[in-house]
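> attaching a predicted model along with its sequence, questions to come.
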Amino acid sequence: MHFKQPEIIYFLFLLIVPILVHLFQLRRFKKEYFTNVRFLKILSIQTRKSSKIKKWLLLVCRMLLLACIILAFAQPFFESKDSKNASNEMYIVLDNSFSMQAKGKKGELLKRAIQELLEETPENANFSLLTNTESYWNTDIKTIRSELQNLKYSASPFQLDNSIAKIKAHKSAFKKDIIIITDAVGITQNQLKNIGTDNVPYFIIPKAEQKNNVSIDSVFIRQTLDDFYELSINTTNYSDDLKPIPVALYNQNKLIAKTIINYKNKKETTNFTIPKQAFHGYVSIEDNDLAYDNKLFFSISKIKKTNIISIGVPEKNNFLSRIFTNDEFNYSSFAINSLDYNSIDKQDAIILNELDEIPQALQTTLKTFVNKGGNLIVIPSETASISNLNALLNQFGSTQFQSLDSNEKLITKINFNHPLFSGVFESKTNNFQYPKTKKSFAVSTTSPAVLNFEDQSPFLIGIQNPVSSVYIFSAPINTLNSNFQQSPLIVPVFYKMALSRQNNGINSNTIGNSNSYLVSVLLSKDEILTVKNQDEQFIPVQKMLNNKVQLFFNDYPEKAGNYTIYDSQKPIENISFNYPRTESNLDQISENILSDYKTGDSISTIFDTLQTNRTDNQIWKWFIIFALLFLALEMAIIKFVK
């Protein structure tokens, strides 16, 4: 037992007062005998004996009464089981990612969690609240009520380690209680490592009643015809019951096509055919579970001709004119001695076709060209200086040419996962007529190969950077050295290499993606581009690159949809944004990794547990009750004991 006011215990010395009073009242009386009152004498002796007993009882009652009052004022208590953490600061981490849209027994998981916080959090409790995107430090439920009621779902996935890092960075002299409210979708063991042993985490894991979610994953142009685009819509059904799902296509919010997806597998692709013109709309499905992934917004810009020049001997450039036709490309061919360097900035792609020597001035110009968003394609000459080729390649990565190999090789492997072949092949195929080369360079590189020889050495290498690409062949492809020009691969490979990242069909960006976006526009120093639609407007980070502007969106916009890029009031280009699909699979929950942590069914349960374990057992009230009982006993003795 402990005392909050132990100094008051010294007042127990006051117990000597009733003892002194008692001794004063118990003084001896002188005996007197009467001759003829024998009966009264016996009665008098009996009365004096009962009087002594009564006074001793009163003494005990008064001493106990006084002792109980003194001990009550000393405030005795028994220490709680978890008293060492009674001064802990409280932090509440609330997951408001899109998976919390799932419905539990009492409605949407996030809305129910917010309602419990509003109803069950003590009004005098001080805490800090962290969501996926916001932080409210040292607040209380009254102050934060409005923010909680208006809390929206976040496009940012729940990252527990990021929230824990923020809490740790919030320096304090006290330990921390961390209450984590999440459905545990996507939590990994690595995210839990950051919690540490100093903090006391409690998990509340609301569970979804149904996990039969269907999501639209991606859309791409499957085939480009003379007057039409054939679109392919990829969807995933995460339920065990593969019911048919209706899907609709909208352009400018106008319905243009509708069909039914009949699922035979978890993943299905649905095709639409639309006119070959600008598109600014979305595809949607009807699904009763998560709503955020039921729409996918995308845009198709007006067809712009791609500017391409090839630099090399005219005879070797002839095959390129048959690929880059006038309906889609502005193609020109130049010999190295007739090249106009001023025209390079206006190009979208440049092909160095078997140059024996690449001048230093051209190397410097090409480096600037690639950094500003242009694609570069390098086809080596078998008579070129290896040191000269490597001087150019040094500016774009670690790819280096080595010795020339005169052994004939077959080109047998296609990297179907490379972005260059996105939407090119309907299915993977290994049954085609392999092209070959008579001579090729040995190449050392850390970049992925697009095409490989039969000995796994690279034939075509792709180097990606944020705004452009550099493609490097390891062998000359003229007709004397290779039959690659007669291969079915020649057209799709060169066609896709020439297209810039923003001129390859579908425009559909992911919110939070770090990739940049290039806009072909010439701005003055004081001009800026703005991105907006009817609901939202923002100014992205932007970098001027001659006749192009590089945009960085970071975590903007907040809401998925179709937007337009404006130069002042002039619309420049349409652009679309979508939420990442990381929350679509509600089965990606591993509750086993949380087995070592304390869990609760609701916020009220955890608050009650903390209150019970950390509240000292105050017993001063019992001493007050005993004091009143002894007072009542004293009154009874005075009244009834003779």
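Here it is on my side, so go on. Numbering: from 1, shown residues only.

> buried ones in the helix or strand harbouring Q363?
For Q363, the host element (DSSP states H and E) is helix 360-371. Within helix 360-371, the residues that count as buried by 16 or more other C-beta atoms under 10 Å are L362, T365, L366, F369, V370, N371. C-beta here means a position set from N, CA and C on the backbone, and glycine is covered the same way.

> now do the helices in the stretch 301-450 of the chain.
For the stretch 301-450 of the chain, the helices defined by DSSP state H, counting those that start in this stretch cover 314-323, 360-371, 386-393.

> could I get those helices as a markdown table with distance to T269 and mean pLDDT?
As requested, the helices of the stretch 301-450 of the chain are exported to a markdown table (distance: least, C-beta to C-beta, whole Å; pLDDT from 0 to 100):
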| stretch | distance to T269 | mean pLDDT |
| --- | --- | --- |
| helix 314-323 | 28 | 90 |
| helix 360-371 | 34 | 92 |
| helix 386-393 | 38 | 93 |
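
> looking at the ones you listed, which is closest to I92?
Using C-beta to C-beta as the measure, helix 360-371 is the one of those that comes nearest I92, at 46.3 Å.

> contacts for the closest one next, please.
Residues lying outside helix 360-371 but in contact with it, judged by C-beta atoms under 8 Å, 6 or more residues apart in numbering, are 311, 336, 339, 341, 344-345, 347, 350, 352, 376, 391-392, 395-396, 465, 467-468, 470, 545.

> orientation of that helix relative to helix 386-393 in degrees?
When axes from the mean of the first three to the mean of the last three C-alpha atoms, to 10 degrees is applied, the directions of helix 360-371 and helix 386-393 differ by 30 degrees.

> roughly how far is helix 360-371 from the heart of the chain?
Mean-position distance between helix 360-371 and its chain equals 39 Å (C-alpha atoms, centre = their mean, to the nearest Å).

> and what of stretch 58-66?
The chain centroid and the centroid of stretch 58-66 are separated by 69 Å under C-alpha atoms, centre = their mean.

> what's the answer for stretch 588-596, then?
18 Å.

> before we move on, what about stretch 58-77?
Taking the mean of its C-alpha atoms, stretch 58-77 sits 62 Å from the chain's own mean (C-alpha atoms, centre = their mean).

> which outside residues touch it?
If you take C-beta under 8 Å, 6+ apart as the criterion, stretch 58-77 is touched by 1-6, 8-9, 11-12, 14-15, 17-19, 22, 616-621, 623-624, 626-627, 630-631, 633-634, 637-638.

> and the residues you listed, which of them are buried?
The neighbour count (16+ other C-beta under 10 Å) marks P18, H22, W620, F623, F626, A627, F630, L631, L633, E634, I637 as buried among the contacts of stretch 58-77.

> doesn't the last one fall inside a strand?
Pointing back at I637 there. No - residue state for I637 (DSSP: H, G, I helix; E, B strand; the rest coil) corresponds to helix; a strand is not indicated.

> which ones are touching it?
I637 makes contact with K54, L57, L58, C61, according to C-beta under 8 Å, 6+ apart.

> and if you look at the fourth one?
By C-beta under 8 Å, 6+ apart, the contact list for F623 reads C68, I69, L71, A72, P76.

> cool, and the third one?
Listed by C-beta under 8 Å, 6+ apart, the contact set of W620 reads L71, A72, F73, A74, Q75, P76, F77.

> among these, which pair sits farthest apart?
Farthest pair in those (C-beta to C-beta) is F73 and F77. Separation: 13.2 Å.

> sketch out the helices for the stretch 501-642 of the chain, chain order is fine.
Along the stretch 501-642 of the chain, counting by DSSP H, counting those that start in this stretch, helices occupy 603-614, 620-640.

> could you dump those to CSV with mean pLDDT and distance to D227?
Formatted as CSV, those follow (pLDDT from 0 to 100; distance: least, C-beta to C-beta, whole Å):
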stretch, mean pLDDT, distance to D227
helix 603-614, 71, 60
helix 620-640, 82, 89
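
> what's the helix or strand containing Y250 packed up against?
Y250 belongs to strand 245-251 when elements are defined using DSSP H and E. Contacts of strand 245-251 with other secondary structure elements, assessed using 3 or more C-beta pairs under 8 Å, 6 or more residues apart in numbering; DSSP states H and E, are made with strand 228-237, strand 254-261, strand 267-275, strand 279-285.

> out of the helices of the stretch 501-642 of the chain, which is closest to A155?
If you check each of these against A155 by C-beta to C-beta, helix 603-614 wins as the nearest, at 25.4 Å.

> low pLDDT regions in the stretch 501-642 of the chain?
Within the stretch 501-642 of the chain, the set of residues satisfying pLDDT under 70 comprises 501-505, 590-591, 610-617, 642.

> let's see it at 90
In the predicted model, the stretch 501-642 of the chain carries pLDDT under 90 at residues 501-508, 512-527, 535, 542-550, 554-556, 558, 568-569, 582-642.

> now swap in the stretch 51-200 of the chain and tell me
Under the criterion of pLDDT under 90, the regions of the stretch 51-200 of the chain flagged as low confidence span 51-91, 99, 101-108, 119-127, 132-134, 154-180, 182-200.

> what's near enough to touch the spatially most central residue of the chain?
Among the residues of the chain, P157 comes closest to the average C-alpha position under C-alpha atoms, centre = their mean, at 2.5 Å. P157 makes contact with S97, N132, G186, P580, T582, E583, according to C-beta under 8 Å, 6+ apart.

> same check, this time on L151
The contact partners of L151, by C-beta under 8 Å, 6+ apart, come to L94, N96, L110, I114, T131.

> for V443, find the nearest of the helices and strands packed on strand 245-251.
Taking C-beta to C-beta as the criterion, V443 comes closest to strand 228-237 out of the helices and strands packed on strand 245-251, the separation being 34.4 Å.

> and that closest one, how far out from the chain's middle?
Shown here is strand 228-237, whose average C-alpha point lies 27 Å from the average C-alpha point of the whole chain (C-alpha atoms, centre = their mean).
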